[in-house]
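Undergrad: Okay, sequence plus prediction incoming.
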Amino acid sequence: MKKNATLFFCQNCGYESAKWMGQCPACREWNTFAEEPKAPSSKGRAARAGELREPIALSEIRSDDQERLPTGMAELDQVLGGGIVPGSLVLVGGDPGIGKSTLLLQVCRALSERLDQILYISGEESLQQIRLRAARIGEFSSSLKLLCETNLADIETIVLKMRLQVIVVDSIQTMYQESISSAPGSVSQIREATGVLLRLAKQQNIAVFIVGHVTKDGTVAGPRVLEHMVDTVLYFEGDRHASYRILRGVKNRFGSTNEIGVFEMTDRGLEEVPNPSEYMLSGRPEGASGSVVVCMMEGTRPMLLEVQALVCRTNFGLPRRTAAGMDYNRLNLLMAVLEKRLGLPLSGYDAYVNIAGGVRLSEPAMDLGLVLAIISSYRDTPISDRTIVFGEVGLSGEVRAVSMAQQRVQEAKKLGFTRAILPESCLSQIRNGSGIELVGVSTVKDAMKAL
Ligand code: TYD
Ligand code: MG
């Protein structure tokens, strides 16, 4: 007798269970279980169909057959670890409307100049819609083929007929397998679709890009379910209102995950931003109080950003504070440190802090910059334009060491900064400090004097 023809799947994380549960034990979300038919295990069938494989000595495997294919977009290549690996499965996740389809269409355009067969499969937009988008981006060569299809079996047949090197599937949530009765976008459909694409990628040695939407509510399974099935996971993120976008590697079997790529959304598609610091600092006011340049690390990449603070006397008993682009509680904490350790009467002042460019700072290394921006605005004395600041501030007003001081100083030097205020204990990390004046500070008080 066939037992358990259906299972219950958490629509948020893909956890499977024989019975319904109110809360998912894996991701702790409530009311996310839905009944779905158990997927036929296609993996088992594929393994049995082939002949038995012999174990091979690791040292005998040639590594030179991993030729990488540069995409022609330097920022993307960097995130991928030097180009596309043939036969790899790359998932590009991100909020709707962030620019995933645009990015992949541009990748196809760059690749189509060198490859003779690329297929862009869209389950979301009609050919006309893609044509309209393409018209904004530029000219396309005839080696890029478009296909509007959501049936996986048909897609498989078409792909096997063509000799392809790269496929783009936009998006995985729209693909469906007829043999599975649940709706497209459900966990079993997504899993099956990824399984089919994985088989195509590995057997035909085709690089496959998959687009996956991230949604907050649990009805559509996010790409988290497939994160462990694919080779590389990239997240495309950014503020809807800011034009810059960051492509971040979250998982990469063929490279480092510490890399980011920076793009700007323009009216002609995405443009690469090879020097993000310069871009973020453009339009900075000269000689204005309350403006400080800090250095944030994004993985291994330093990025200079402007922190702005506005401190003014409060009209009410309770001071108002707002923090855009950083943690509100961190701002309150740092202001309390200033009040206690430096004796500044900040509890009678409103404070508004903003990180220019719409970036979100989460690194403790920006504490010192923030503190100095507040002091500068409070005293209404500008800080020199050519000064960069980084360091973590502790509760007793001490300035603590941060990682990668060398890279931060290097980046500042590259952009023409002449002075760096940094933790005293970081000075020993800096090997080549010529050309920039290094001011080591060990407390907030020292830092204030250094201004
Ligand atoms: P899209 O790639 O459709 O997003 P996703 O596939 O992640 O849902 O991007 C859509 C947004 O990008 C849309 O709001 C319009 C904007 N856009 C531009 O600003 N300039 C352009 O040249 C293009 C093609 C899109
Ligand atoms: Mg899209």
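TA: Everything's here; your move. Numbers count the residues shown, from 1 in each chain. Ligands and ions are numbered 1, 2, ... in the order given.

Undergrad: Would you mind giving the secondary structure of V337?
TA: At V337 the chain is in helix, as set by DSSP: H, G, I helix; E, B strand; the rest coil.

Undergrad: Can you name the residues that contact the residue nearest to it when sequence neighbours are not counted?
TA: Nearest residue to V337, sequence neighbours excluded (C-beta to C-beta, 6 or more residues apart in numbering): G397, at 5.6 Å. Any C-beta I mention is one placed from the backbone N, CA and C, and that applies to glycine too. Contacts for G397 (C-beta atoms under 8 Å, 6 or more residues apart in numbering) come out as 337, 340-342, 443-445.

Undergrad: Distance check, G397 against I421.
TA: G397 is 15 Å from I421, where distance means C-beta to C-beta, to the nearest Å.

Undergrad: Residue in the stretch 151-300 of the chain with the shortest distance to ligand 1?
TA: G269 (4.2 Å; C-beta to the nearest ligand atom).

Undergrad: Pull out the buried members of the contacts of G397.
TA: Neighbour counting over the contacts of G397 (16 or more other C-beta atoms under 10 Å) leaves 337, 341-342, 443-444 as the buried ones.

Undergrad: Which members of the residues you listed are the farthest-apart pair?
TA: Greatest spacing in the buried ones among the contacts of G397, by C-beta to C-beta: V337 and T443 (10.5 Å).

Undergrad: Show me how far stretch 98-118 is from its chain's centre.
TA: 19 Å (C-alpha atoms, centre = their mean, to the nearest Å).

Undergrad: Going by neighbour count, list what's buried in it.
TA: Counting neighbours by 16+ other C-beta under 10 Å, one finds that the buried residues in stretch 98-118 are 98-109, 111-112, 115, 118.

Undergrad: Please apply the same query to stretch 281-292.
TA: Within stretch 281-292, the residues scored as buried using 16+ other C-beta under 10 Å are 281, 289-292.

Undergrad: what about it, average pLDDT?
TA: The pLDDT scores in stretch 281-292 average 87.

Undergrad: What of stretch 378-388?
TA: Mean pLDDT, stretch 378-388: 92.

Undergrad: returning to that earlier point: and which of the buried residues of stretch 281-292 is nearest E259?
TA: When the buried residues of stretch 281-292 are ranked by distance to E259 (C-beta to C-beta), L281 comes first, at 21.5 Å.

Undergrad: Enumerate every residue touching the closest one.
TA: By C-beta under 8 Å, 6+ apart, the contact set of L281 is 293, 304-306, 415.

Undergrad: So which bits of stretch 132-140 are buried?
TA: So, applying 16+ other C-beta under 10 Å, buried residues of stretch 132-140: 134, 140.

Undergrad: Check whether that stretch comes near ligand 1.
TA: Yes: contact between stretch 132-140 and ligand 1, assessed by C-beta under 6 Å from any ligand atom, occurs at 133, 136.

Undergrad: Give the rounded mean pLDDT of that stretch.
TA: Here stretch 132-140 scores 91 as its mean pLDDT.

Undergrad: and after the worst-scoring helix or strand of the chain on mean pLDDT, which helix or strand comes next?
TA: Within the chain, no helix or strand scores below helix 42-49, which has a mean of 50 by mean pLDDT, DSSP states H and E. Toward the C-terminus, helix 42-49 is succeeded by helix 74-80 as the next helix or strand (DSSP states H and E).
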